[in-house]
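In: How does the following fold in three dimensions:
(2 chains)
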Amino acid sequence: MSLISPWFLAGALLVAGPIIFHLIRRATKDRIRFSAMRFLRESPPKLQKKSRIQNPWLLALRCLIIVLLAFAFTRPFFDSDTPIDLVTNPPKAIVLAIDSSASMLREGAWENAIQRAGSYLDTVDPADKLSIVSASTNARLLLSFEQWDKWPVNERATLAEALLSETRPDWGATRLDEAVELALAELEQIDEGAETETEKTVVLISDMQSTSRIAGVAGREWPDGCLLELETIQGTHPGNTGIRWLGWTGNEENRSMRIGIQSSGQSLASNLSLALFDAKSNTPLGQPLKLYSNTGGNHMVLLEVPKDAAGPFRVKLSGDPNTFDNVLSIAENQPRPMQLQYLGDPANSEDPNQSAFYIKRASAGWIDPSVQFIDRSPDSRQETDLPPFLFIDSALTENEVLSARAQIEAGAHALLLLSNREMLATATALTGEYDWSIRQTSQEDSRLGTIDFQSHAFAIFSDPRFSDFSRIRFWHTHKLAIPDSAGISIVAEYDDRGPAIMEKALGDGLLTICVADWAPQKSQWTLSTKFVPWLQRLFERAAGGSNRTSIIRTDSIASAFDVDSVQWKPMSENSYSSETPAKPGLYQLKQGFTERWIAVQAPSEESQWDTLPYEDWERLGAPLEPATTRGKTESDRENERRSQNAVELESQQQVWKWLIIAVALALIVESLIARTSQNREERATA
Amino acid sequence: MPATPKTGIDPLALFAIRDLELRARVVVEGLWSGLHRSPLQGFSVEFTEYRQYSQGDDLRYLDWKALARTDREYIKKFEDETNLRCLLLVDTSRSMGFASGEVSKSEYASTLAATLGYFLLQQRDVVGLGLFDSELHSYVPARWRTGHFRRILSALSREPKGKESNIGKALEQTALLSGRRSLIVAISDFLSPSLEWDNQLGQLVAAGHDVRVIQILDSAELDLDFGKASQWEDLETGDRLYIDPAEARTAYKESFGQNQLQIQQALEKRGIRHLIAPTNKPLDYTLIDLLKRQPLRGRVAV
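Out: Residues are numbered from 1 along each chain as shown, chains lettered A, B, ... in the order given. You can find the predicted model right below:
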């Protein structure tokens, strides 16, 4: 027989109480008061009587009650030969979430993480399930439970280790909440249709930077019994100094870069210097700048850029042993020149009653893209010098149509004004939609009835403050009929359900058709406040999008660019590819007909190595492993398992209940004996 | 002289009555109600006998009618019928608080005094009360007037403060307060040595008082058939002794018997009637025993 709480046996010492009370009661109660004491002579009592305890059976019963109570509190149970581990320990489902963000590139960090993960793999039983998640900007499922189950039982650990060894950290930001979310989604599949509940654990192996994003964990409902174990790993060096881009300062004549120096942890760097290089020639520009950095401090330095130096640049920090974040690539914003080719009568651009007059003046003076209005014939141009934008407001010949279509399919954007019946042939020839027709309508004027504010051109008007197009009137007596709208996107419709603005993708380019005449007597469109912004959206799209940024973080490339329409070329390579850059560096970006330099930088917060407080997880409601079990060795865990088994066994046997019943019975007998004894004493006294 | 009732009132039933006055009435109602005769002869209305006139007799008592009829001089003699003055002396010391059964000695004594007082007052006798322990601490002079019995009951109902008894001093103080001859009934356990009160009792008798003594005793005090072997504490002094009653009983009875003998001798020497009233004896029996007219065997003046 074993005891769960043997220290309660000390309660048995309380038997001293009844013994003392039995002695005291005898001394106090047996005093008799008498009147005629004068005639009495003392009769000395026998000593053996005085030391004898009254009612020894009653006393023994009372002592027995106390001992039984104390014994019941110790929660005794009978040892069983049955191996309880198999019965009581449910199968475990473990998700290893390994931080693979840029900060794990520090020396020694990734190796430690893999080693820690390997030690977990060693403890996994054949009945357990394992999944591996990498935590970076986008959490990735490296190994699913399903895949784990498919592997042969005896090779699972080896295969998982091989998988881990192939994995490398990327240059993303630390978003631990996404990894936890993915891990929980994986865990939630475990119990679907299962008979027994699985013990679930998410093991998060990370350097736990204070800049890690964990806010997404807040309010997350965790599966029942799921625990989050945090494993904080360290790199070889305890501290780091990193640099980050803050921006340009000064004017064109005297430009400087604002570079942030951020130190964290116990930085060992003492002789730090910052140098500017021309990225193309890799030659230093100016003298290196000496830095005096304090541990944990953040400050800014100005790095002067020579007047005649044209980017892109590289800023290098030397003296810091953690080299992964010591190089910063910087590219300058360059204006995007764009030629607008007008396919029509050149005189129209000077006639206020013609549409070309307004598009020429509306686009004059723009900085980005800087539009150049040209009116040469398309067939006179070479393939290599294609203009990126075409404006068509008059009927084209067959050759002109073929040429324009070829231009569009090569990547150019075109705007066609379907202002009259004569333009219908050109439009159908360009689009290949020959079943379009124009019908006469009796309506005197039209307004834009339905507008797709999700479209690129109208997205800037989506705010209710700008979305009122009802005051813009169009006077035309025809209506375009489109039997089959498949393959064409109607962006705006008139109030008579006739299409107003349509888009059709042709090859790599885009044709925008506006069913209207822009002349002031035909519409108020060109004179409205919506016209110029709308036009700029068309031009920006043709020039490669509205994003002009030249410096971008690795974790925001996907959201900043339309990855399907852009191509990248690293500085050290010669060919473009559609693969999104994963590493920091300088890349040439090609969008349509434009090319420019883009500097890709690692997330600056990855250079900060201060550790996230453990309490932050608790505040967000994460079911952390209890503090009492944290940091325990395997033998501790084994002992804990044994004690849990003992508790389980005790709760099954419930010996204490029988002891309590015995105590209750003993109390009844004790009461009866005490009552009888008291009555006898009273009778004797009387 | 009334006949003595064959069965008395059960003390347990009597003392179950909480009200002292009611208790006294219950006892008296069942008793003989009649006049008792004065022990002293004098001029009264009740004729007893004639005697021959002799020279010097008061001519006021000459029976003129007899002289006319018989031509002889007779002097008429009358039995003196007076109002009796009675003083009840009740011991309220701590030793009177002892009770081996339901009734304590002090309770029995109070009831006895109340009963006697009620009985006498019903006959228009005057009754006084004196309560004593180490001295006479309460004194109600003998009166006959409305509410007097209430005063006596009130004094008797007072909780005894509890001190040692000193009967001698109480009797001495009584002698000073009672100028006129009275019937003095001393109710106590008389457990103190007789030497302490013998002389003072003699003074009262010498002063012409008719003194009667009622000794209230508990049955346990008589035979020590009480208690068990343990620490025994004296009610008055607080002294403690280890007593095993089985062992001490013989010696106790002997010692107690000697004391009783001394009391009896001391009282007989003074011609005082001694009445022992155990608390388990019906109260009316005690009262009847007390009221039995008993000629004085002799008065000893000191």
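In: Show me what the residue nearest to the spatial centre of chain B is bridged to.
Out: By C-alpha atoms, centre = their mean, chain B has its centre lying nearest to B:Val185, at 2.6 Å. In this structure, B:Val185 bridges to B:Leu88, B:Arg212 when assessed by DSSP bridges.
In: just B:Arg51 next, same as before
Out: B:Ile75.
In: May I ask which helix or strand encompasses B:Pro141?
Out: B:Pro141 is part of strand B:136-143 when elements are defined by DSSP states H and E.
In: Likewise for A:Ser273?
Out: Applying DSSP H and E, one finds A:Ser273 within strand A:272-278.
In: Can you find the residue of the stretch 351-500 of chain A that comes nearest to chain B?
Out: A:Pro464 (98.1 Å; C-beta to the nearest C-beta). Backbone N, C-alpha and C define where each C-beta goes, glycine included.
In: what secondary structure does that residue sit in?
Out: Here A:Pro464 takes the coil state, with states given by DSSP: H, G, I helix; E, B strand; the rest coil.
In: B:Asp234 against A:Met37, yeah?
Out: Yes - here B:Asp234 reaches A:Met37: they are 3.9 Å apart, a contact under C-beta atoms under 8 Å.
In: And the strand holding A:Ser273, what's buried?
Out: Buried residues in strand A:272-278, counted by 16 or more other C-beta atoms under 10 Å in any protein chain shown: A:Leu272, A:Leu274, A:Ala275, A:Leu276, A:Phe277, A:Asp278.
In: what packs against it?
Out: strand A:255-265, strand A:283-284, strand A:289-291, strand A:298-305, strand A:313-318 (3 or more C-beta pairs under 8 Å, 6 or more residues apart in numbering or on different chains; DSSP states H and E).
In: can you list contacts of whatever helix or strand comes next after the strand holding B:Pro141?
Out: Going down the chain from strand B:136-143, the next helix or strand is helix B:148-157, by DSSP H and E. Applying C-beta atoms under 8 Å, 6 or more residues apart in numbering or on different chains, the contact partners of helix B:148-157 are B:20-21, B:88, B:90, B:110, B:113-114, B:117-118, B:121, B:127, B:129, B:131, B:138, B:140.
In: Geometric centre of chain A: which residue is closest?
Out: A:Glu178 (3.6 Å).
In: what's it in contact with, if anything?
Out: A:Ala135, A:Asn138, A:Ala139, A:Arg213, A:Gly216.
In: Can you name the residues that contact residue 191?
Out: If you meant another chain, say so; for now it's chain A. A:Glu197, A:Thr198, A:Pro223.
In: meant chain B, my bad for not saying
Out: Counted by C-beta under 8 Å, 6+ apart, B:Leu191 has contacts A:Ser35, A:Ala36, A:Arg38, B:Ser95, B:Ser165, B:Glu221, B:Asn259.
In: Look up how far B:Ala175 lies from the second one.
Out: What that stands for is A:Ala36. 28 Å (C-beta to C-beta, to the nearest Å).
In: Over to A:Glu605?
Out: As judged by C-beta to C-beta, A:Glu605 and B:Ala175 stand 117 Å apart.
In: So for those two, which residue has more residues nearby?
Out: A:Glu605 (21 against 17; other C-beta atoms under 10 Å in any protein chain shown).
In: Test my guess that the more buried one contacts A:Thr211.
Out: Yes - the pair A:Glu605 / A:Thr211 is scored as a contact, 3.6 Å apart, by C-beta under 8 Å.
In: intersection of neighbour lists for the two?
Out: A:Thr174.
In: so A:Leu390, which of the three states?
Out: Going by three-state DSSP: A:Leu390 is strand.
In: burial count for A:Leu659?
Out: Neighbours of A:Leu659 (other C-beta under 10 Å): 20.
In: which of the buried residues of strand A:272-278 has the weakest pLDDT?
Out: Minimum pLDDT across the buried residues of strand A:272-278 is recorded for A:Leu272, with 83.
In: mind listing the helices for the stretch 51-200 of chain A?
Out: A:56-73, A:84-88, A:109-123, A:145-150, A:156-166, A:176-188 (DSSP state H, counting those that start in this stretch).
In: I meant chain B, not that one.
Out: Under the criterion DSSP state H, chain B contains helices at B:11-15, B:20-29, B:64-70, B:105-122, B:148-157, B:167-177, B:198-206, B:219-223, B:245-270, B:283-291.
In: what's the most buried one of these?
Out: helix B:105-122 (a mean of 24; mean count of other C-beta atoms under 10 Å in any protein chain shown).
In: packing partners for that helix?
Out: helix B:11-15, helix B:20-29, strand B:85-91, strand B:126-132, helix B:148-157, strand B:183-188, strand B:210-217, helix B:283-291.
In: For the stretch 1-150 of chain B, what lies in contact range of chain A?
Out: B:Arg94, B:Ser95, B:Met96, B:Gly97, B:Phe98, B:Lys105 (C-beta under 8 Å from any C-beta of the partner chain).
In: wait, doesn't the fifth one sit right on B:Leu217?
Out: No - under the contact definition of C-beta under 8 Å, B:Phe98 does not touch B:Leu217, with a separation of 9.7 Å.
In: Give the intersection of the neighbour lists for the two.
Out: Residues touching both B:Phe98 and B:Leu217 (C-beta under 8 Å, 6+ apart): B:Lys105.
In: For B:Asp10, grab the count of nearby residues.
Out: Neighbours of B:Asp10 using other C-beta under 10 Å come to 12.
In: ok, it - contacts?
Out: B:Pro282.
In: I'd like the distance between the residue of the stretch 51-200 of chain A found nearest chain B and A:Thr676.
Out: Residue of the stretch 51-200 of chain A nearest chain B, by C-beta to the nearest C-beta: A:Gln54 (11.9 Å). Going from A:Gln54 to A:Thr676 by C-beta to C-beta gives 14 Å.
In: cool, A:Ala36 as well?
Out: 33 Å.
In: between the two, which one's more packed in?
Out: Using other C-beta under 10 Å as the criterion, A:Ala36 and A:Thr676 rank with A:Ala36 on top: 22 against 11.
In: That one and B:Phe256 touch, don't they?
Out: Yes - contact criterion C-beta under 8 Å: A:Ala36 and B:Phe256 qualify, at 6.5 Å.
In: Now list whatever residues contact both of the two.
Out: Counting by C-beta under 8 Å, 6+ apart, the residues touching both A:Ala36 and B:Phe256 are B:Glu221.
In: Check what pLDDT residue 42 gets.
Out: No chain in the question, so chain A it is. Confidence score, pLDDT, at A:Glu42: 80.
In: not quite, I wanted chain B
Out: 39.
In: cool, and the one 3 residues further on?
Out: The predicted local confidence for B:Val45 comes out at a pLDDT of 46.
In: so where is chain B shaky, pLDDT-wise?
Out: Counting by pLDDT under 70, chain B contains low-confidence residues at B:1-9, B:12-13, B:16, B:18, B:29-48, B:78-83, B:162, B:292-302.
In: Tell me which residue of it is furthest from the middle?
Out: Of all residues in chain B (C-alpha atoms, centre = their mean), B:Asp71 lies farthest out, 49.9 Å.
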